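Asks: Output the structure for:
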Amino acid sequence: MDLTQLAAFVAVADSSSFSTAATRLHLTQPAVSKRIAQLEATLEAPLFDRAGRQVLLTEAGTLLLPRARALLADAESARHALRDLRGETGGTLHLVSSHHIGLHRLPPLLRTFASRYPQVTLALRFMDSEQAVQHVLHGQAELALTTLGAATPPLQATKVWDDPLCFVAASTHPLAQRKQLGWADLAAHPAVLPEPQTYTHGIVADAFARRDLPLQLRMTTNYMETLKMLAAVGLAWSVLPRTMLDAQLQVLPVPGAALSRTLGHVTHDRRTLSRAALAFVALLQEEPGCAGLR
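Replies: The predicted structure is shown next:
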């Protein structure tokens, strides 16, 4: 099997689109189709069902996908090892980041990194933390900057920042009119929070569960900036990082509400990091509060 064919196969599988895969690979759509056809001929099995604009994996394609990811990741590790022998810090760094870190923590890091390592090409994508972790697990990225949950081998999570959380609402919200607030008062009003499967939602939900209180949800979205807007217009109360607070919102003083999350980076401990990735990790270690490698 040819690695370029496998790369085309994975790109189509990830995007469910030949045209999107072609754009991602900087190829024409006919070139991608040709590579898939060649791979299918080699394997003597169809890999995709094409129903109009829909592109779906066949049983053979589903079976091949994790193996193709592993082969591509091993090939990338080999390239990194050979580049390291030459002492170069160049090539492409495949980095994924949560939207929040991308907006509020990443810009100065990128500015410094680009200045120090101009030979490195950054392939940067933004996504939810949980999805970013999966990209590292499956070899689609070397490094993920995320809200950290419980990492299990072969993933390794390293703390970089503490991210204290605050209960907030618009100054016109009924809770903001109260001089004294308890957890039961929050439970009596709906909230806008990240999706239930996210790490941040879990922190809030666990806090209410420990107090045997219900958590009312008006709506959910994974974009912190959207949550800030929804709270600022008075739709509901929310929980936001302290770094996002401004005059649009009022902090709700809730006794015992010392909630916080941990932000950091995730790597795959069975894959060799490129010199570019190691350089980015070293830059992260310069951040105040970074726990270092563990």
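
Asks: ok, Leu103 to Ala144 distance?
Replies: Using C-beta to C-beta, to the nearest Å, Leu103 is found at 16 Å from Ala144. Placement of C-beta: from N, CA and C, glycine included.

Asks: Who has more neighbours out of the two?
Replies: Counted by other C-beta atoms under 10 Å, Leu103 and Ala144 do not tie: Ala144 has more neighbours, with 30 against 16.

Asks: The more buried one and Leu263 touch, don't they?
Replies: No - between Ala144 and Leu263 there is no contact under C-beta atoms under 8 Å: 11.1 Å.

Asks: Listing request: residues of this structure with sub-threshold pLDDT.
Replies: Applying pLDDT under 70 to the chain flags the ranges 80, 83-88, 289-294.

Asks: how about the strands in it?
Replies: 48-51, 54-57, 91-97, 120-126, 143-147, 155-169, 191-193, 217-220, 237-241, 250-251, 260-268 (DSSP state E).

Asks: Which neighbours in the sheet does the fourth one have, and how are they oriented?
Replies: Strand pairing for strand 120-126, determined by DSSP bridges: strand 91-97 (parallel).

Asks: Please apply the same query to the last one.
Replies: The sheet places strand 260-268 alongside strand 143-147 (antiparallel), strand 155-169 (antiparallel), with pairing taken from DSSP bridges.

Asks: if I look at Val251, how far off is Leu103?
Replies: From Val251 to Leu103 the distance is 21 Å (C-beta to C-beta).

Asks: How is this structure divided into domains?
Replies: What automatic domain parsing lists as the domains of the chain is 1-72, 88-294.

Asks: Ok, which of these comes nearest Ala78?
Replies: domain 88-294 (8.3 Å; C-beta to C-beta).

Asks: Any idea how far that closest one is from the middle of the chain?
Replies: Computed by C-alpha atoms, centre = their mean, to the nearest Å, the chain-centroid distance of domain 88-294 equals 9 Å.

Asks: The stretch 1-150 of the chain: helices as residue ranges?
Replies: With DSSP state H, counting those that start in this stretch as the criterion, the stretch 1-150 of the chain has helices at 3-15, 18-25, 29-43, 59-85, 99-104, 106-116, 129-137.

Asks: Show me what Val96 is bridged to.
Replies: Beta-bridge pairing for Val96 (DSSP bridges): Arg125, Ala144.

Asks: Go ahead and confirm it touches Ser129.
Replies: No - under the criterion of C-beta under 8 Å, Val96 makes no contact with Ser129, lying 9.4 Å away.

Asks: what residues are shared contacts of these two?
Replies: Shared contacts of Val96 and Ser129 (C-beta atoms under 8 Å, 6 or more residues apart in numbering): Ala144.

Asks: Compare the helices of the stretch 1-150 of the chain and report which one is nearest to His173.
Replies: So among the helices of the stretch 1-150 of the chain, helix 99-104 is nearest, using C-beta to C-beta, at 22.8 Å.

Asks: what packs against that closest one?
Replies: Applying 3 or more C-beta pairs under 8 Å, 6 or more residues apart in numbering; DSSP states H and E, we find helix 99-104 packed against strand 143-147, helix 224-232.
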